[in-house]
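Peer 1: Give the three-dimensional model of this entry:
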Amino acid sequence: MMREKVLVMIVEDDFTSRTILANQLHKVGFEIICAEDGRQAAEIIKYCTPDCILLDLIMPRMHGHAFLTLLRRNGLNLPVIVMSSIEDQPDLVATIEHIGIQGWTTKPVDLKEIVEKIREATNNAKLPDN
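Peer 2: Model (predicted):
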């Protein structure tokens, strides 16, 4: 059975940032599931597959790059949008884009921008392969 709403996983170690973003996205109509780091996100994905992942990079236990690598190694080609306060790290951006992300946004996250990126990523993800 298809879900009515898009399920977004927020992987963010900062409780306040995670909670505010989750509440904002829920108010505009998304279903939300949260993880405080990559390790917790990896556990959740074993039981629940989100339509899109908003991924912080700098986190304890398992950072975003390691989580993204694990996701791709496990064959999960879910849309991922990276959220980071890192603005000018071309090597890091190139590495992450090589692993496969659908977008990048700086923190603090702009709600209108992130909603647009989620909608674009999930629409593209649901298109059939040619």
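Peer 1: buried residues in stretch 30-43?
Peer 2: 30, 32, 33, 34, 35, 36, 37, 38, 39, 40, 41, 42 (16 or more other C-beta atoms under 10 Å). In this view, the C-beta of every residue, glycine as well, is placed from N, C-alpha and C.
Peer 1: do stretch 65-80 as well
Peer 2: Of the residues in stretch 65-80, those with enough neighbours to count as buried (16+ other C-beta under 10 Å) are 65, 66, 67, 68, 70, 71, 78, 79, 80.
Peer 1: can you give me the offset of it from its chain's centre?
Peer 2: In terms of C-alpha atoms, centre = their mean, to the nearest Å, the centre of stretch 65-80 is set 10 Å apart from its chain centre.
Peer 1: ok, residues contacting that stretch?
Peer 2: If you take C-beta atoms under 8 Å, 6 or more residues apart in numbering as the criterion, stretch 65-80 is touched by 11, 37-39, 41-42, 45, 49-53, 55, 57, 62, 92, 95-96, 99-102, 121-122, 124-125.
Peer 1: now with 6 Å?
Peer 2: 38, 41, 42, 52, 53, 55, 99, 101, 102, 121, 125 (C-beta atoms under 6 Å, 6 or more residues apart in numbering).
Peer 1: Turn these into JSON lines, columns for pLDDT and secondary structure.
Peer 2: Converted to JSON lines, the contacts of stretch 65-80 look like this (pLDDT from 0 to 100; DSSP: H, G, I helix; E, B strand; the rest coil):
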{"residue": "38", "pLDDT": "93", "secondary structure": "helix"}
{"residue": "41", "pLDDT": "96", "secondary structure": "helix"}
{"residue": "42", "pLDDT": "94", "secondary structure": "helix"}
{"residue": "52", "pLDDT": "96", "secondary structure": "strand"}
{"residue": "53", "pLDDT": "96", "secondary structure": "strand"}
{"residue": "55", "pLDDT": "93", "secondary structure": "strand"}
{"residue": "99", "pLDDT": "72", "secondary structure": "helix"}
{"residue": "101", "pLDDT": "81", "secondary structure": "coil"}
{"residue": "102", "pLDDT": "80", "secondary structure": "coil"}
{"residue": "121", "pLDDT": "90", "secondary structure": "helix"}
{"residue": "125", "pLDDT": "60", "secondary structure": "helix"}
